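Trainee: sequence and predicted structure are below.
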Amino acid sequence: MPEKSKIALEFGFNSHKDFSSYLEAITVIRNVIAHHSRLWNNNITTKYLWPKNLKNKPITYVPDQNQRAKLFPLLSLTLYTLEFISPGNSIKEKFFGLIDEYPIVPVHKMGFPVNWKTQPIWVK
């Protein structure tokens, strides 16, 4: 459908299939949060496609299926999408604040790689 492709392009996705699968995955995340379930080290059960041709790459690698079962790639895509919706938003700073407030939380269990702060979407 041309309408779906147009919307996907507005968000920097070159494929409406990529964008639709991303939206399905964040809907599941939203439901986990809304029902007060555990998210931080949970596996993402919804299989989503990693966008092939984003206008700006949020991370420097294409996460494999195992990596996409963790939160980090999905959070990275969400930050990427938020930059289109609301440039200059403060979500990333709030997230860094949470990480600083709770330094004992093992972010690697959420799929955060060792160099996550150097990934393009996460650079301050």
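Mentor: Right, received. Where do you want to start?
Trainee: other SSEs contacting the top helix by length along the chain?
Mentor: Ranked by number of residues, the top helix in the chain under DSSP state H is helix 16-34. Counting contacts by 3 or more CB pairs under 8 Å, 6 or more residues apart in numbering; DSSP states H and E, helix 16-34 is packed against helix 2-10, helix 71-85. Glycine gets a C-beta too; all of them are placed from N, C-alpha and C.
Trainee: so how far is that helix off the chain centroid?
Mentor: 10 Å (CA atoms, centre = their mean, to the nearest Å).
Trainee: list the contacts of the following helix or strand past that helix.
Mentor: The helix or strand immediately downstream of helix 16-34 is helix 65-68, counting by DSSP states H and E. Contact with helix 65-68 is made by 44, 47, 48, 50, 73, 74, 111, as judged by CB atoms under 8 Å, 6 or more residues apart in numbering.
Trainee: switch to 7 Å and redo it
Mentor: 44, 48, 50, 73, 111 (CB atoms under 7 Å, 6 or more residues apart in numbering).
Trainee: next, format the residues you listed as CSV and append neighbour count.
Mentor: Shown next, in CSV, are these (neighbours: other CB atoms under 10 Å):
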residue, neighbour count
44, 20
48, 20
50, 18
73, 25
111, 22
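Trainee: for the longest helix of the chain, buried residues please.
Mentor: 16, 18, 19, 20, 21, 22, 25, 26, 29 (16 or more other CB atoms under 10 Å).
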